[in-house]
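1. From the sequence below, what's the structure:
(one chain, ligands or ions: 2)
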Amino acid sequence: MMDNEAGAFYRKLPKVELHAHLNGSVSVQTMEKLISRKPHLNIKHSMTAIGKGQRRTLDECFQVFKVIHQLVDTEEDILTVATDVIREFAADGVKYLELRSTPREEKNTGLTKKSYVETVIKAIQQCKNEGLDIDVRFLLAIDRRNGTEVAMETVELAEEFMLSSDGLVVGLDLSGDPTVGHGKDLLPVLQRAKNCGLKLSLHLSEVPSQLEESDLLLNLPPDRIGHGTFLHPEVGGSQSLVDKVLKNNIPLELCLTSNVKGKTVPSYSKHHFKYWYQLGHPSVICTDDKGVFCTDLSQEYQLAATTFSLSREAVWQLSQQAIDCIFGPEMPLVLQ
Ligand SMILES: CC(C)=CCNc1ncnc2c1ncn2[C@@H]1O[C@H](COP(=O)(O)O)[C@@H](O)[C@H]1O
Ligand SMILES: [Zn+2]
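-> Ligands and ions are numbered 1, 2, ... in the order given. So this is what the prediction gives:
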C-alpha cells in the first residue's frame with residue numbers, strides 16, 4: 001500500500017491509461033453489486049480477483065474472466081460496469097482513458113454484440129454528461145481464441161461504430177489466451193482494419209515462443225504493442241524483433257502487476273520496462289486488469305518508480321509522454 005504523501009503524489013499525477021480490459025477492471029464494490037444481482041451463481045469475490053502476494057498461472061488467470069463474464073451478461077450489467085470503471089479511473093487521476101472490450105452475445109439475455117458496443121458507448125456518454133474530468137475512447141477487442149470469422153465480424157462492427165460513434169470507437173485490440181490460435185490467420189483481418197483507419201493495439205509476445213507470430217504481426221505494423229514481454233534477446237526474443245519495434249517507433253503498453261501476478265515476469269525488478277525505458281523507447285505504464293489484479297494506475301506508477309528508482313521529474317515525464325501514444329484525436333492535452 002502507498003504511504004500518504006507519496007500516494008497522494010501518484011494519485012494527483014495526471015495520467016493516461018491505454019491498456020484496460022473492461023471486464024478485468026471491475027472493482028470490489030462493483031463486483032458486490034453484480035454478485036447480489038445474481039446470487040444463484042454462488043460466486044464469491046475471491047473467484048474474481050488475485051489478491052496481494054498471490055500469483056497464478058496464465059491459465060488460471062483466464063479462468064477468472066470466465067467467472068466475471070457470467071456476472072456481466074446483460075446491458076444493465078455492462079452499463080453498471082462501464083460507468084463504474086470510468087468513474088474509478090477518473091477518481092484515480094486518469095485524464096484520458098482507452099477502454100477495450102470484447103463484444104459478446106448472450107442468447108439467454110438477448111444481449112447482442114451490437115447492443116454490447118452501444119451500451120459501452122452509452123456509458124462513456126453518460127460519464128461525459130456527468131461532467132467527469134476524463135476523456136474516454138473505446139477499442140473493440142478480438143479474442144484470438146474465437147478464430148478468423150469472429151475476428152472479421154468484430155472488425156466490421158468496429159468500422160461501423162468508428163463512423164457512427166462521434167469518434168469514440170478508435171481502434172481494435174487483439175487479446176485473449178496467447179497460447180491459443182496463431183496470429184498469422186488474423187493478418188488479413190487486421191490489415192483490413194488498418195486500411196480503413198482503425199488503430200491497432202496488439203498483445204504481442206506475452207508468452208515465450210511467439211517469435212514467429214510477433215515477427216509477422218510487426219510487419220503490419222501495429223500502432224501499439226501490449227506487453228511485448230518476450231521480444232528482446234535476453235528473454236529469448238531477438239534483435240531483429242527489437243529493431244522492428246524501434247524502427248517503427250511502436251509504443252509499448254507495460255503492465256507490471258499483471259505480468260508478475262500472471263507469472264510471465266519473475267519479479268518487478270526483472271520487468272522489461274527497464275529494457276525499453278533505458279533505450280528511451282515510448283513505454284506507457286498501464287493496469288491491464290485493475291480489478292482482477294487488485295491495483296490502479298497510480299499504484300502502477302509508484303511501483304515503477306520505486307522499482308526502477310525514477311525521480312518525480314522522470315515519473316512526470318513518463319506520464320506526459322503517454323499522450324503521444326493515444327489513439328484519440330490530436331489534442332492540446334498538456335496534463336495539469
Ligand atoms: C491472464 C492474464 C495474466 C491476463 C493479463 N493478460 C491478458 N492477456 C490477454 N488477454 C487478456 C488479458 N487480460 C484480459 N484479457 C482479455 O480481456 C478479456 C476480459 O475483458 P473483456 O471481456 O474483453 O472486457 C479476457 O477474456 C481476455 O480476452
Ligand atoms: Zn491485456
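2. Would you tell me which residues of this structure are close to ligand 1?
-> By the rule Cβ under 6 Å from any ligand atom, the part of the chain lying against ligand 1 is 21-24, 58, 61-62, 65, 101-102, 141, 143, 175-176, 203, 206, 258, 262, 288-289. Using the backbone N, CA and C atoms, a C-beta is placed for each residue, glycine as well.
3. I'd like to know which of those residues are part of helices.
-> The members of the residues of the chain next to ligand 1 that map onto helices under DSSP state H are 58, 61-62, 65, 258.
4. Let's see if you can find the most crowded of those residues.
-> The most neighbours of any of these, using other Cβ atoms under 10 Å, belong to Ser258, which has 27 neighbours.
5. and that residue, what does it touch?
-> Residues in contact with Ser258, defined by Cβ atoms under 8 Å, 6 or more residues apart in numbering, are 287-289, 293.
6. now do Leu111
-> Going by Cβ under 8 Å, 6+ apart, Leu111 touches 73-75, 78, 104-105.
7. at 6 Å instead, please
-> By Cβ atoms under 6 Å, 6 or more residues apart in numbering, the residues touching Leu111 are Glu105.
8. So which residues of this structure form helices?
-> Applying DSSP H to the chain gives helices spanning 4-12, 28-37, 58-71, 75-91, 113-129, 147-164, 187-195, 211-218, 239-247, 256-261, 273-278, 297-307, 312-321.
9. who in the stretch 151-300 of the chain is up against ligand 2?
-> Taking Cβ under 5 Å from the ion as the test, the list of the stretch 151-300 of the chain residues beside ligand 2 reads 226, 288.
10. Apply 6 Å and report the result again.
-> 175, 203, 226, 288 (Cβ under 6 Å from the ion).
11. Among these, which one lies nearest to Ala91?
-> Nearest to Ala91 among these, counting by Cβ to Cβ, is Asp288 at 18.8 Å.
12. Tell me what the closest one is bridged to.
-> Listed beta-bridge partners, Asp288: Ala20 (assigned using DSSP bridges).
13. wait, isn't it in contact with Cys255?
-> Yes - with contacts defined as Cβ atoms under 6 Å, Asp288 counts as touching Cys255 at a distance of 3.8 Å.
14. Tell me the residue of the stretch 51-200 of the chain that sits nearest ligand 1?
-> Cys61 (2.9 Å; Cβ to the nearest ligand atom).
15. Now that residue: closest residue in space that isn't a chain neighbour?
-> If the residues on either side of it in the chain are set aside, Cys61 comes closest to Gly262, at 5.1 Å by Cβ to Cβ, 6 or more residues apart in numbering.
16. How many residues are close by the one you found?
-> What Gly262 shows, counting by other Cβ under 10 Å, is a neighbour count of 26.
17. Quick check: it vs Asp92, distance?
-> Relative to Asp92, Gly262 is positioned 22 Å away (criterion: Cβ to Cβ, to the nearest Å).
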